[in-house]
Every structure is written in structure tokens, then in C-alpha cells.
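K.L.:
here is my input; please provide its structure:
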Amino acid sequence: MKKYEMLINGKWVKAKSGKTREIIDPGNGEVLAVVQEGGKEDAIAAIEAARAAFDHGPWRKTMAIDRGKLLFKLGDALRAKAKEMAELETRNNGKPLAEAEFDVADAANCFEFYGGLATKIHGETMSVPANSLSFVVREPIGVCTQIIPWNFPLLMAAWKLAPALAAGNTLVLKPSEFTPLTALELAKMCEEVGFPAGVVNVITGPGAGCGEEMAVNHKVDKVAFTGGTATGRRIAIAATENLKRVTLELGGKNPNIVFADADFESAVDGALFGAFANQGEVCSAGSRLLVERSIHKPLVEAILKKIPNIKLGHGLGAGVKMGPLVSKAHREKVESYIEIGKKEGKLLCGGKRPSGAQFEKGWFLEPTIFDDVKPTARIAKEEIFGPVLTIIPFDTEEEAIRIANDTEYGLAAGVWSKNIQKALRVVREIRAGITWINHYHPTFNEMPWGGYKQSGTGRELGLHGIEGYLEIKQINVNLDEAPIGWY
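P.N.:
Now for the predicted structure:
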């Protein structure tokens, strides 16, 4: 069993309280590791280290090309340990190994994308109505605290670290208390490739105390959070104490719309993948399947025929397509929604824990589908964050758009149709930040990620992602040598 400490100011330290937490493999209940249970004092120490590193350390004077080189080295270090990191991610989070392998590769790509972007942070020169050389420069915000969730532990760490470091900030990263292991291993890599002490600090602990301090501390210039909408609201309120910048990537209840003229087999696969990838523990999951009524029955039948192909098991098992949920408490939350769903729709499959000795010690749940769900039902309105799909029939394009937009969220949406004009027409009407046509779930480091409405504020990834870690400063140089003569 491995024991981990926290990285603060270039040193590996224990929590000031002396408390630790056991990290559990959700596939078999075994203890994987012991980590520090940090609290408010540890968060303060990490923020102080990041503040000193930004204000007085060498990082602000490090040239952009050298920041980029460090990010490329970090990507290389991650690739060199890809096998171990993917297996660790699977054991800590529960996701199938194939998905974890993709996450590791994509995380390395993210560091490399922003490594290249570090030297592309451009200014602007403007013509103004005076004899002045007036230009704009972009500078790092300063100290950034970053809080990430448990569903994509390594990938979310990369999404946060890469743009912040490329822009020249210092940071404090807090992974979820349930899935901190790959982030801690990544912290070791940051140290190994040569980031100066205090630039990257990684602490572990719960949101209460540890995470709260990261939001309220006045020495923090920006907080970036990915997680639940309710927590995001509290962070946004806390951040107003010193008006720190905020980026929030929050929840979703995303529509996946299938029209009668869609490619049938592609739509079936897209509906399943949209709902059940990563056990449905995805903020952008296509958890509301809107199906045109003329193909409703055959599409549902085709989906049910493929459900047995979703092999359940420990994420390291051969051919496993769906692993356990992340924790016992989360499984119980999802099960509570299934009980609600039994009163609101027609349960077609799943809804229970799988039987068999291999499932007894893990937090498994069968893929679950409800049909003929009313758009106003709770299971069609509230984010379940598990392997639960609700199917809603519709009759017209206008009705599909209305149902799709009838949600407090606006993160993602999918549209399936061979008629590209119709598909684009519908996508333009949907209030969501991430949309797909005839596909679902691909994510690109080059493209902005974020949502409308209560799905968050700001964007991550792409050029927009680095803008969220930069301040804009105007500089005016008076080219007249004579005094202005005002007085």
C-alpha cells in the first residue's frame, strides 16, 4: 500500500492535523493507498507558497518558450508512465482501462497543446486619437486555486494545470478526496521536470475546510472549479469577498436528439455511448434521449438488444465496458433516483445491482433505461450522474427544441440526422455550449469547453481556456516631448 504526502512549496508534507484518508478501489473495496486529509491550514500554507512563488520567485521572469518546454517535458513524463497511470486511474476511479488509457493520452496532448501555445500569447497595438504608442499586453492573473472532480481525475488536472502554467501563473490544485492518486503522481512529475518550488502545489482533503479556504482566501486571484452546480454557486459567492476571477464548469442534463432520418445504427450506438460511457458519470452525458415518435419503438428495441454488450466488471478486466460507480454513497444516490424513476416512467432494463461474486465487493450498478418519460419528470430534469437513461418521444422539430431547452442547464447536446440543414438549424436553437451532430462525446483540447445557464461560467481548453488565466493591460507611451500645458 502506497502512502502519499502533499506537495507544498517544493516539499512533500503531511497534513497539519495529522489526519489521513484511505483511498478505496471501487471495483473490489480494497484499500489502494493512504493520503493526507488536509484542511484549512494546509490550504493556507499552499496558497502562501504559490503567492511567494508568483510575487518573488523566478517563475514570472521565466520566458514563455521555457514555460512551454516544461509543459512538453511534463507531457513526455506522462507518456513514459502511461501504462502505470492508466491502471492507477482505473483502480482509483473505476472506469474501464480503455477509457483510462485514452484519458492519459489526452492529458499528455493537453500539456503539449498548451506548451506550444505558451509562445502564442499575443498583444495588440491600436491606433488612438493622440500622439501615443498604445498597446495591449496579456499577463498572468497570479495565484490560481483549482478544484477538480472525481470522474476524470487525471484529465481534469491537465485541463486546469496546462493553461494556468502556460500563462505564467502559480497554482494550488485540489483533486477530489475520493480520487487523488493520479494527481499526486502528476505532482511528482511536475517536480521532476523542473517546475520551481511553489509554482505547482497539490493538496488533498475535502471541500469543507480545504476547498472552502481555496475559494475565500484573499491571496488568491482566481478560482477554477469543476463539479456540481450547487457547490459551484457557493464557490462563486465566496469568491466575491475579494472579487477574484472565477471559472465554473458545472452540471448538465443533456439532450441527445434522434430524428427519423438519422442513420439508424449510428444513432443507436451514439445513444448508448452518450449515456453509459464512464458509467454515466459525465457532466456532458446524453442522459435525455429525445426520439422522433415514428422511430421510437424500433430504436428502443435496438438499444435494448445491445445492452448485453455492455460488459460490467472491474475496470482492469478483459473486455469490460462499464465499471463500478465511484463510491458507495454515490451508488446509493443514483439508486434513489431509480426508485423515483419507477414512479415516473417505464423501467425497461437495469435498475439494480448485478448479481455474482465478482460484483459483491464493488459499487456496481446495471445500465438502466426508462422509457416514455415526461419532460417534466424529476429523472428528466435533475442530474443523476450515473448509468441512467431517460427516453422521451417527440413529434416535431419544434417540440424537440422546446424539450431540449426546458432545463436549467446548458452544457451539451447531440443531434442525429442525415439532413445537415435541419441538424444545424436545431443546433443553433439549442442553448448549450458544446454540441455534436451525428456523434456524441468527443472532446478536443483545441476547442472551448463550457456551458450556458447553470452549467457554468467561462470556458476551458482551446484559446479561450488560456484567456481565462490572463489579465489584459493597456500601455500608453506619450510621443510628445513637450509638457501637456494643462495648468
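K.L.:
how near is the closest residue to Thr62 other than its chain neighbours to Trp486?
P.N.:
Distances taken as Cβ to Cβ, 6 or more residues apart in numbering put Gly168 closest to Thr62, at 7.3 Å, once the chain neighbours are dropped. Just so you know, the C-beta spots here come from the backbone N, C-alpha and C atoms, and that holds for glycine as well. Using Cβ to Cβ, to the nearest Å, Gly168 is found at 38 Å from Trp486.
K.L.:
which ones are touching His126?
P.N.:
Actually, residue 126 is Met. It isn't His. By Cβ atoms under 8 Å, 6 or more residues apart in numbering, the residues touching Met126 are Ser134, Phe135, Val136.
K.L.:
at 10 Å what do you get?
P.N.:
Ser132, Leu133, Ser134, Phe135, Val136, Gln474, Asn476 (Cβ atoms under 10 Å, 6 or more residues apart in numbering).
K.L.:
one step back: the residue nearest to Thr62 and Thr119 touch, don't they?
P.N.:
No: taking contacts as Cβ atoms under 10 Å, Gly168 lies outside contact range of Thr119: 11.7 Å.
K.L.:
what touches both of these two?
P.N.:
Shared contacts of Gly168 and Thr119, counting by Cβ under 10 Å, 6+ apart, come down to Met63, Ala64, Arg67.
K.L.:
buried subset of those residues?
P.N.:
The neighbour-count test (16 or more other Cβ atoms under 10 Å) marks Arg67 as buried among the shared contacts of Gly168 and Thr119.
K.L.:
now distance to Glu84 too, for the shared contacts of Gly168 and Thr119, in TSV please.
P.N.:
Output for these, formatted as TSV (distance: Cβ to Cβ, whole Å):
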residue	distance to Glu84
Met63	32
Ala64	31
Arg67	27
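K.L.:
does Lys342 really touch Phe370, like I thought?
P.N.:
Yes: counting by Cβ under 10 Å, Lys342 does reach Phe370; the two are 8.2 Å apart.
K.L.:
find residues that contact each of these two.
P.N.:
With Cβ under 10 Å, 6+ apart, Lys342 and Phe370 have common neighbours Gly351, Ile379.
K.L.:
who has more neighbours, the two?
P.N.:
Phe370 (27 against 13; other Cβ atoms under 10 Å).
K.L.:
need phi/psi at that one.
P.N.:
phi -110, psi 140 (degrees, to the nearest 10).
K.L.:
now the one 10 residues further on
P.N.:
The main-chain torsion angles of Ala380 are listed as degrees, to the nearest 10 and equal phi -100, psi -10.
K.L.:
quick one: it and Val268, what's the gap?
P.N.:
Ala380 is 21 Å from Val268, by Cβ to Cβ.
K.L.:
of the two, who's got more company?
P.N.:
Comparing Ala380 with Val268 by other Cβ under 10 Å, the one with more neighbours is Ala380, at 24 against 21.
K.L.:
go ahead and confirm the more buried one touches Ala404.
P.N.:
No: at 11.2 Å, Ala380 does not count as touching Ala404 under the criterion of Cβ under 10 Å.
K.L.:
determine the residues that are contacts of both of the two.
P.N.:
Common neighbours of Ala380 and Ala404 (criterion: Cβ under 10 Å, 6+ apart): Pro255, Arg288, Leu290, Ile392.
K.L.:
just list the residues touching the third one, thanks.
P.N.:
Residues near Leu290 by Cβ under 10 Å, 6+ apart: 255-259, 296, 375, 380, 390-394, 399-401, 403-404, 413-416.
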